[in-house]
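> Need the 3D shape of this:
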Amino acid sequence: MTFGEAAAIHLRNLSHNPRIKSSTRDYWHRRLSALVKNWRDLNKTEVRKSTQIACKEWASTYVNKASPTNYNNTIALLRHVLAIAIEAGVIYGNPAASLKRTAIRAKEIALPSTDKFNALLAEMHNGHSRYSPHCADFAAGLAFTGCRVGEAREIACRDVDFEAGEIVVRGDAETRTKNWELRRVPLIPDARQLFERMRSDHANEPLNARYSASASVRRRLIGPVKRSAPNVSRIMICGICSQRAASNPVWTYRLSRAGLDTKTAVPWQ
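Down below sits the predicted model:
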């Protein structure tokens with residue numbers, strides 16, 4: 001059995017696993033491509049020739065090329081593929097078991113102040129495109145709800161409960177949210193004001209209409225957001241809410257249930 005044959009079996013197992021999302025499968029495909037690219041003739045190599053020494057030689061080179069997260073996950077993929085050979089009785093031990101994971105250090109996040117963020121929204125709103133106001137609203141919605149980009153673009157009118165003071169985050173219609181769960185996010189005053197205005201501007205829209213407006217708006221904004229700071233909006237909502245959480249334990253509980261970490265964003269006020 002060659003490594004390529006074992007890898008094909010592993011990818012087939014992933015494709016048959018209903019609990020794995022398509023984006024996750026794509027990620028593991030990219031990890032395999034990176035592994036093969038940085039290990040010469042790996043696909044053609046017999047698995048029994050993949051020794052501990054060969055694994056360590058590859059790891060010592062690849063650790064300087066990949067990010068800590070990608071390096072660790074590529075090691076995990078290598079172990080999973082070699083485990084296929086163990087199950088087939090080709091080898092009796094996993095030569096990649098001795099590889100050490102690298103430490104993942106948290107990055108320092110430089111968030112704008114409240115005034116700078118408001119100035120940014122104003123600049124976006126006053127842009128020279130007909131989509132500028134909608135892009136500004138979408139950016140504000142990301143900050144005021146803490147939703148991921150993919151979750152925010154699926155929020156419909158029926159998901160915003162003004163009476164209960166919460167937003168139901170459903171995510172994609174097929175795959176739901178990142179963790180396959182439906183969650184409820186507190187509707188803070190800034191978010192309430194935003195959604196009330198957007199709802200009044202589109203009072204004739206059905207309840208299943210999405211707040212994210214047209215696909216053009218999402219294309220114009222989502223790309224730059226993902227490239228620049230995909231998690232900044234989630235941290236900013238924590239910063240906004242940390243003021244309320246400090247004086248009201250109920251807010252702390254609701255934010256934790258919504259999947260938001262207030263400790264990360266307490267400095268952002």
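
> Report all helices and strands that the strand or helix carrying F117 contacts.
Assigned by DSSP states H and E, F117 falls within helix 114-125. Where contact means 3 or more Cβ pairs under 8 Å, 6 or more residues apart in numbering; DSSP states H and E, helix 114-125 is packed against helix 132-145. C-beta here means a position set from N, CA and C on the backbone, and glycine is covered the same way.

> at 10 Å what do you get?
helix 132-145, helix 232-247 (3 or more Cβ pairs under 10 Å, 6 or more residues apart in numbering; DSSP states H and E).

> In a helix, V185, correct?
No: with DSSP: H, G, I helix; E, B strand; the rest coil as the criterion, V185 is assigned strand and is not in a helix.

> isn't it right up against G146?
Yes: here V185 reaches G146: they are 6.3 Å apart, a contact under Cβ atoms under 10 Å.

> which one of those two has more residues nearby?
G146 (30 against 26; other Cβ atoms under 10 Å).

> Test my guess that the more buried one contacts A191.
Yes: applying Cβ under 10 Å, one finds G146 in contact with A191, separated by 9.4 Å.

> Count the residues that sit near I155.
I155: 22 neighbours (other Cβ under 10 Å).

> and if you look at I167?
29.

> list the helices and strands the one helix or strand it maps to packs on?
Element membership of I167, judged by DSSP H and E, is strand 166-169. If you count contacts as 3+ Cβ pairs under 10 Å, 6+ apart, strand 166-169 packs onto helix 132-145, helix 149-152, strand 160-161, strand 183-186, helix 189-201.

> Report the distance from the first one to the chain centre.
Right, helix 132-145. 18 Å (Cα atoms, centre = their mean, to the nearest Å).

> now for it, which elements pack on it?
Against helix 132-145 (3+ Cβ pairs under 10 Å, 6+ apart) you get helix 114-125, helix 149-152, strand 166-169, strand 183-186, helix 189-201, helix 215-228, helix 232-247.

> Where does the prediction get shaky in the stretch 1-150 of the chain?
Along the stretch 1-150 of the chain, segments meeting pLDDT under 70 span 109-111.

> From I155, how far out is H202?
13 Å (Cβ to Cβ, to the nearest Å).

> One more: R48?
For R48 relative to I155 (Cβ to Cβ), the value is 53 Å.

> got it, and H29?
30 Å.

> ok, now S33?
In terms of Cβ to Cβ, S33 sits 34 Å off from I155.

> swap in N94?
44 Å.

> Same check on D26?
Relative to I155, and taking Cβ to Cβ, D26 is found at 24 Å.

> Domain-wise, how is the chain divided?
3-87, 114-265 (automatic domain parsing).

> longest single helix anywhere in the chain?
Looking across the chain with DSSP state H, the single longest helix is helix 68-87.

> partners of the strand holding I167 in the sheet?
strand 160-161 (antiparallel), strand 183-186 (antiparallel) (DSSP bridges).

> got a list of contacts for it?
If you take Cβ atoms under 10 Å, 6 or more residues apart in numbering as the criterion, strand 166-169 is touched by 141, 144-148, 151-152, 154-156, 158-161, 176-177, 181-188, 191-192, 195, 211, 254, 258-259.

> send the alpha carbons of it over as PDB?
Only the C-alpha atoms of strand 166-169 are listed here, as PDB (Å, rounded to 0.1, in the frame of the first residue of the first chain):
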ATOM      1  CA  GLU A 166     -32.400  38.400  21.200                       C
ATOM      2  CA  ILE A 167     -31.300  37.200  17.800                       C
ATOM      3  CA  VAL A 168     -31.600  33.600  16.800                       C
ATOM      4  CA  VAL A 169     -28.400  32.600  14.900                       C
END
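
> Could you list the buried residues of that strand?
Of all the residues in strand 166-169, those buried under the rule 16 or more other Cβ atoms under 10 Å are 166-167, 169.

> now do stretch 137-157
137-157.

> and that stretch, C-alpha only, in PDB?
Taking C-alpha atoms only, stretch 137-157 is exported to PDB below (Å, rounded to 0.1, in the frame of the first residue of the first chain):
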ATOM      1  CA  ASP A 137     -25.000  48.400   7.900                       C
ATOM      2  CA  PHE A 138     -23.600  44.900   7.400                       C
ATOM      3  CA  ALA A 139     -20.300  45.900   9.000                       C
ATOM      4  CA  ALA A 140     -22.200  47.400  12.000                       C
ATOM      5  CA  GLY A 141     -24.300  44.200  12.200                       C
ATOM      6  CA  LEU A 142     -21.100  42.100  12.400                       C
ATOM      7  CA  ALA A 143     -19.900  44.200  15.300                       C
ATOM      8  CA  PHE A 144     -23.200  44.500  17.100                       C
ATOM      9  CA  THR A 145     -24.100  40.800  17.000                       C
ATOM     10  CA  GLY A 146     -20.700  39.100  17.100                       C
ATOM     11  CA  CYS A 147     -21.800  36.700  14.400                       C
ATOM     12  CA  ARG A 148     -19.400  35.200  11.900                       C
ATOM     13  CA  VAL A 149     -19.600  36.500   8.400                       C
ATOM     14  CA  GLY A 150     -21.400  33.300   7.200                       C
ATOM     15  CA  GLU A 151     -23.900  33.500  10.000                       C
ATOM     16  CA  ALA A 152     -24.600  37.200   9.700                       C
ATOM     17  CA  ARG A 153     -25.500  36.900   6.000                       C
ATOM     18  CA  GLU A 154     -28.200  34.300   6.900                       C
ATOM     19  CA  ILE A 155     -30.000  36.400   9.500                       C
ATOM     20  CA  ALA A 156     -33.600  36.900   8.400                       C
ATOM     21  CA  CYS A 157     -36.300  39.200   9.700                       C
END
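
> Alright, that wraps it up for me.
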